[in-house]
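S.K.: need the 3D shape of this:
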Amino acid sequence: MKDDLYNFQDNETEQLKQYENVFTLGNVVTCKGNIKASFLHGKQVVFHYMKKIIKSKSSKEKSSWKVDYIIRNIIVQYFLFLIIVGSLYSCSNPSQESKQDQRPNILLIVADDLGYADLGCYGGDIETPNIDRLASTGLRFSNFHTSPLCAPTRAMLLSGNDNHIAGMGVQSLVTNEFGYEGKLTDRIAIIPEVLGNAGYHTYMAGKWHLGMDSLSNPNQKGFEHSFVNLRGAGNHYNDQGIFKETPVTIYTEDGKPAKWENGKYSTDYYTDKLIQYIDINKGDGKPFFVFAAYTSPHWPLQADEKYWKKYEGRYDDGYEKLKERRFESLKRVGMVPENAVLPPNHERVIPWDSLSEAEKKKEARKMELYAGMVDNLDFNIGRLIQHLKDIGEFENTLILFMSDNGAASEDFYYHDTYGPFIRENFNDDYENMGKPNSFISYGPQWAEAGSSPFRYFKGHITEGGITAPMIISGPGVEKKNEIYAGLVTLMDIAPSFYQAAGTEYPATFRNKKIYPLKGKSFMNLISGAAEQVHDEEYIFGLEHRGRAMLRKGDWKIVNNNPPFQPENFKLYNLFNDLAELNDLREQEKDKYEELMDEWFKFSKEIKAQFPSPEGEE
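M.R.: Purely as a prediction, here's the structure:
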């Protein structure tokens, strides 16, 4: 019988030497220091019998395949013993431990409706020391773009693709039409699915907003563990619903109905859950992806006094003064260029000086509460960071912080559709503001200050609706305490995570061909290997419910007045006109036509419909 596994020698010493090498290799491979003595004893027993066999054989027997077979079986049985017993134990000798997966953990933190000008490190006045420390050891982005609303942003963020391609063409609209399914579709794969397949643990807590049915739940979309609010908003202290269709806010944990622990504050509770999930597999050697999808500082504005009391009196001079102060402070820290001008307020904003003293008092309290929510958000980010330090994972965790869109102007308390149900279950009395049964929004007036220095706010396709703060810090980030002013979009985040994790986005997923990524990794930028993410030819387009924009380099066309009509597009040069005040379509006709041609290509690619299709809302 031919045997190529071992090259048996006639010389007894050489033969035993080869067997010794095999056993030594076995000990190194299994690396079980705590049972090494047993292995050594087993090896001595095997060698005793091997020597007897070899010494007793005649010259002819030494070459016999039968003897060869016996010895080989002894070796095989020994290796089986090592494998079976070794699998039950871990190495006790650190120098012999098997190498852990060295890929970075990834922590994605998303604030809900946080304004561009709120954070301390961006020039804002709210105390955010933990976020500021991330900025001091990482990179801030002054030209980071999102979608104008929560759900489309989440779809684009997790998929690395356009919101229509992902299935969220219109927020809160469910249809059978391509691009308007109202949930994540099988046309894409999302971050937890791709990273999960690449060996990452995947956890999330917070706001989902990407489909209400069971097949759209996070536990069906790649998350090992999740605790989520399926709708777009909720009471921050209990499960009292905000919408008539869901009078009790719907929460799920790992895909099963879950109860809110009444009295727990949202951001605190989501952080508790994330820490709990991280600890489930702590120390198993696998990296993790954590999605902290916070619902703060989204309305209703609610916070414990210890967070908002410190801001009492800070905003008594009004929202117009705050907008001006922030505009100057953002210039000072380099978040906006020196040639920027402050755009006028939206027509919905009532001048501060025209308010009564009681109205001013109530307005100032709104902003105090909002600041308190951001303060608490920063505190909980600090909790996450400290926990990562406590378990020895902080140094190997890539942390990305962002907001999902511009500051929010909605005030649903007096809304024709949502208002009646809200007023039945909440009130907006001054004495009650910030408490569990209070419903307060800070409206377009404070949103203008939150989006300073840009035009308008959440919901609009102007820069104020789609420019948000983003910070990245951690392994691989060589640019420390710097600001990147080049264009980056939320579609660039998924491919960046894939590059950091050493994996690739698949061409097929679950046996179906999927759309390629539209974003581009910025990991080479943050490592210093590249000077920019996108060149001047890169096209970035957006459409949501008839509001549309397309950007190429510094040029941008904007159609911000539904219903959609192509002739309503205006042309701006953002390098000279960040506030979007000077329409150049008549002066720059060639550029206007160039961008319009790109728009028609883009809208065809994403299959945008005008008007948006009808469906269930």
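S.K.: relative to residue 470, how far out is the closest residue to residue 114 other than its chain neighbours?
M.R.: If the residues on either side of it in the chain are set aside, residue 114 comes closest to residue 403, at 3.8 Å by CB to CB, 6 or more residues apart in numbering. Glycine gets a C-beta too; all of them are placed from N, C-alpha and C. Distance of residue 403 to residue 470, given as CB to CB, to the nearest Å: 8 Å.
S.K.: between the two, which one's more packed in?
M.R.: More crowded of residue 403 and residue 470, by other CB atoms under 10 Å: residue 403, with 26 against 23.
S.K.: for that one, give me its contacts.
M.R.: 110-116, 146, 468-470 (CB atoms under 8 Å, 6 or more residues apart in numbering).
S.K.: tell me what it is bridged to.
M.R.: residue 111 (DSSP bridges).
S.K.: buried sites along stretch 566-585?
M.R.: Within stretch 566-585, the residues scored as buried using 16 or more other CB atoms under 10 Å are 569-574, 577-580, 583-585.
S.K.: oh sorry, the question was meant for stretch 517-535
M.R.: For stretch 517-535, the buried set under the neighbour-count rule, 16+ other CB under 10 Å, comprises 517-526, 533-534.
S.K.: pLDDT of the longest helix along the chain, averaged?
M.R.: When the chain is parsed with DSSP state H, its longest helix is helix 357-390. Helix 357-390 comes out with an average pLDDT of 98.
S.K.: which helices and strands does that helix pack with?
M.R.: When contacts are defined as 3 or more CB pairs under 8 Å, 6 or more residues apart in numbering; DSSP states H and E, helix 357-390 packs onto strand 105-111, helix 129-136, helix 266-280, strand 288-293, helix 305-308, helix 319-333, strand 397-403, helix 443-450.
S.K.: quick one: residue 454 and residue 116 touch, right?
M.R.: Yes: Residue 454 is within contact range of residue 116, at 6.7 Å (criterion: CB atoms under 8 Å).
S.K.: and for the two, which residues touch both?
M.R.: 406, 464, 467.
S.K.: and those, which is closest to residue 350?
M.R.: Using CB to CB, residue 464 comes nearest to residue 350 of the shared contacts of residue 454 and residue 116, at 18.2 Å.
S.K.: for the residue lying closest to residue 491 once chain neighbours are set aside, give its distance to residue 171.
M.R.: Excluding the flanking residues, the one nearest residue 491 by CB to CB, 6+ apart is residue 519, at 3.3 Å. The gap separating residue 519 from residue 171 is 20 Å, by CB to CB.
S.K.: do the same with residue 407
M.R.: 17 Å.
S.K.: so for the two, which residue has more residues nearby?
M.R.: residue 407 (29 against 22).
S.K.: show me what contacts the residue minimising distance to the centre of the chain?
M.R.: Central residue of the chain (CA atoms, centre = their mean): residue 108, 3.6 Å from the mean position. Neighbour list for residue 108: 191, 289-292, 400, 402, 493, 497 [criterion: CB under 8 Å, 6+ apart].
S.K.: what's the closest of these to residue 423?
M.R.: The shortest approach to residue 423 among the contacts of residue 108 belongs to residue 292, at 32.1 Å (CB to CB).
S.K.: what pairs with that closest one across the strands?
M.R.: Beta-bridge pairing of residue 292 under DSSP bridges involves residue 109, residue 205.
S.K.: neighbours of it, just the number please.
M.R.: What residue 292 shows, counting by other CB under 10 Å, is a neighbour count of 24.
S.K.: against residue 113, how distant is it?
M.R.: Taking CB to CB, one finds residue 292 at 15 Å from residue 113.
S.K.: try residue 293
M.R.: For residue 293 relative to residue 113 (CB to CB), the value is 13 Å.
S.K.: quick one: which of those two has more around it?
M.R.: residue 113 (29 against 26).
S.K.: check what pLDDT that one gets.
M.R.: Confidence score, pLDDT, at residue 113: 98.
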